[in-house]
Each structure stands twice: as structure tokens, then as C-alpha cells.
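Q: curious how this folds, go ahead:
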Amino acid sequence: MSGTPASPFVRVIDLETTGQSFADGGVVELGWQDVAQDPEGAWSLRGGPGVSFVQPGVPVSAVTSAIHHIVDEDLAGAPAWQVAAPPVLQPAIPGRLALAAHRSAFEQRWCLPALSGNARWICTYKCALRLWPDAPTHSNQGLRYWRRPEGLDRATGLPAHRAGPDAYVTAHHLRDMLALAGVDQLLAWSAEPALLVRVPFGPSRGRAWRDLDDAALARIIEGESGGNADVAFTARTERLRRQGAGPALPAQAALVL
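A: Residues are numbered from 1 along each chain as shown. A predicted model of the protein is given here:
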């Protein structure tokens, strides 16, 4: 059941860009999809995905066009980011609880607090690591085909690497996450570094954290993390688990480690 216009909701955001930040590019496409809560507490997608081209102020690079297939000619007459962003990031309808994105740190490079109304953010990538640790990949599209979310219309979710379809796919993951963990829990996980399922690099690459011996775990904590916040956080969390001191929620530990 879809929520009413005043229902609590989370707005999923997806951006296609040229460059990696304002320093070397800009946004070329903005997509969004709402996930709303009905009076009985169930979450569902509300309406269809929205999408808008955005004028980045710089030419679209060939490298990024090769990903999303957006070229300069598509953006003729499109609004600038400072014009396009606020109405989407700060929707006029009441009830917005948070914004969400898959690997939300990327979207937050452009969706600055002044544009988003100081919105809180849910990172569906970080939450997927917690809730679905057995997935073979935690990319947005990888989860789509591994999980096959109920009700996801294949045509609406294509093409991949376009803002509207990608927001639509992410919204299905978010809907299912909200059935397993509340908004506050997803926000809390999102505020922390990612709790990785496997070691991503180094001598122990590809191994589950639980399978590392104490010496290998200590080496990562003491320097092999290479300054990677996610690796360091996961290693420390695993050591706390072995010491019987964390994570605080037993269900969370069973899901992740």
C-alpha cells in the first residue's frame, strides 16, 4: 500500500556526473524515488522515479559519457545544479525523514547540507553489508540480480547508470531494508565506516574476517589497513567481537561477522 502525501518517507537520490566532485566537474542528471510508510507501518515505493537533466557548467567528458551515455547536447537548456537540487533535496511535501543513496558519500559531495536542508543520509551500501553479508557483491545492480526484489519492474530499472532507473532500483533495496531494521538503525549504520564482509586487499585479501588468526588481525589494526577507515573499523570491530565486547547488538553481530 502506498503512503499518503503526508506519510513519513525517505527520498532516494542518484546522481550522474562528469568528474568526481565540484573540483573537476558537476552533476549532469538527478534522479529520485520516494519510499513511504503507510499507517500500518509498512514501507513501499510511492509513485515512480523522477529525473532531471542538470547543466554541469563544464563539458561532459568522454570517460563519463561512456558510463551514462549523456552528452553535452542532451543538456541544452537544463537548469544549473543550484537551481535543480533544492526542490528535489528539500521536497515540499511533509514527512521526509532522510535522504538515501547507494554509497551515499558520493552523492553527498554535491548534495551539500545547504542544498539538502541538513538532511540525514542512509547509505544503502553500508546497510546492505550489515543485512545481506552473504551477497556475492554489494553493488546496487549486483544486489538487484542477487536479491530480485519483489515488484521491481525490469524496464523501469533500465538502463543502468542513469539517475532515474538507479534510484528506482536502490529504492527497492531500501524498502526491504526498512522491513528488517528501522530508520534510526539504518542511519546509525550509515554514520559509521562500512563494516566489510571480507578483507579487500593485502596478504589476507578475500578472506572473511572471522577466519583471520589473531596475528593477522593485529597486523591489519597496527598498519596494514593503509589508512582505509572501513578496513580499520572492521578490524577493530572483529577484535572487539573476539573479546566479547561488541558489537552491542547480538543480531547485528550474527548478520555481519
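
Q: only the buried residues of stretch 59-72, if you could.
A: 60, 64-65, 68, 70 (16 or more other Cβ atoms under 10 Å). Heads up, the C-betas are built off the backbone N, CA and C, glycines and all.

Q: nearest to residue 110 among these?
A: Residue 110 has its nearest neighbour among the buried residues of stretch 59-72 in residue 64, at 13.8 Å by Cβ to Cβ.

Q: surely that closest one forms part of a strand?
A: No. Using DSSP: H, G, I helix; E, B strand; the rest coil, the assignment for residue 64 is helix, not a strand.

Q: quick check: which ranges of the stretch 101-250 of the chain have low pLDDT?
A: Residue ranges of the stretch 101-250 of the chain with pLDDT under 70: 246-250.

Q: how about 90 then?
A: Of all residues in the stretch 101-250 of the chain, those with pLDDT under 90 make up the ranges 201-202, 222-227, 241-250.

Q: residue contacts, the residue sitting nearest the centre point of the chain?
A: In the chain, the centroid-proximal residue (Cα atoms, centre = their mean) is residue 102; its distance is 1.8 Å. Shown in contact with residue 102 (Cβ atoms under 8 Å, 6 or more residues apart in numbering): 14, 123-125, 139-140, 166, 170, 173.

Q: try residue 70
A: Residue 70 touches 16, 28-29, 53, 60, 64, 162, counting by Cβ under 8 Å, 6+ apart.

Q: among these, name the ones in strands.
A: With DSSP state E as the criterion, strands contain 16, 28-29, 53 from among the contacts of residue 70.

Q: which of these has the most neighbours?
A: residue 28 (27 neighbours; other Cβ atoms under 10 Å).
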